[in-house]
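Asker: just to be clear, the model below is a prediction. Sequence and coordinates:
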Amino acid sequence: MRRISVALAAAIAVSGWGGQAMAAPAAPENRPQVRAEEPPFPYADCLRAAKQQRKETHAQATWHCDQLVKKGWVTPPKKKPAKKRK
């Protein structure tokens, strides 16, 4: 009798039915993906971090973030429409 219960427990463990079937099913992940924790980071966040954390000027921060754009760590800045001159 003991051999049957050990064999049955081993079969249940191998099949994966043991603890997973009794646990609540995992909910599907339908929440929006927030990419602030992994590259590529937004360009505006790069500028803000360079100015606050590294105490860089705007020109230095722009150069630094442009270098990170070339490496693929930061997304390129959005192009603003050119202003019309009178």
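Answerer: Ah, there it is. In this text the structure is predicted, and so the values were computed from the model without any measurement.
Asker: so where's this structure uncertain?
Answerer: Within the chain, the segments meeting pLDDT under 70 span 1-36, 86.
Asker: so where do the helices sit in it?
Answerer: Assigned by DSSP state H, the chain shows helices spanning 2-15, 43-53, 58-71.
Asker: from T62, how far out is K55?
Answerer: To T62, K55 is 15 Å away according to CB to CB, to the nearest Å. C-beta here means a position set from N, CA and C on the backbone, and glycine is covered the same way.
Asker: so who does C65 touch?
Answerer: Counting by CB atoms under 8 Å, 6 or more residues apart in numbering, C65 touches 43, 46-47, 50, 74.
Asker: can I get the residues you listed in a markdown table including distance to K83 and neighbour count?
Answerer: Formatted as a markdown table, the contacts of C65 follow (distance: CB to CB, whole Å; neighbours: other CB atoms under 10 Å):
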| residue | distance to K83 | neighbour count |
| --- | --- | --- |
| Y43 | 20 | 18 |
| C46 | 24 | 22 |
| L47 | 21 | 18 |
| A50 | 26 | 20 |
| V74 | 25 | 22 |
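Asker: closest one of these to P81?
Answerer: Using CB to CB, Y43 comes nearest to P81 of the contacts of C65, at 17.1 Å.
Asker: now do the residue lying closest to that closest one once chain neighbours are set aside against Q52, distance only.
Answerer: Taking CB to CB, 6 or more residues apart in numbering, and ignoring the residues beside it in sequence, Y43 has P77 as its nearest neighbour in space, at 4.2 Å. To Q52, P77 is 18 Å away according to CB to CB.
Asker: who has more neighbours, the two?
Answerer: P77 (15 against 10; other CB atoms under 10 Å).
Asker: that older thread, of K55 and T62, which one has the most company?
Answerer: Per other CB under 10 Å, whichever of K55 and T62 has more neighbours is T62, with 16 against 9.
Asker: what's the separation between that one and A50?
Answerer: 9 Å.
Asker: cool, P40 as well?
Answerer: Distance, P40 to A50, by CB to CB: 15 Å.
Asker: and K84, by the same measure?
Answerer: K84 is 31 Å from A50, by CB to CB.
Asker: tell me how many other residues surround the closest residue to P42 other than its chain neighbours.
Answerer: The shortest distance from P42 to any non-neighbouring residue, by CB to CB, 6+ apart, is to T75 (5.9 Å). For T75, the number of neighbouring residues by other CB under 10 Å comes to 17.
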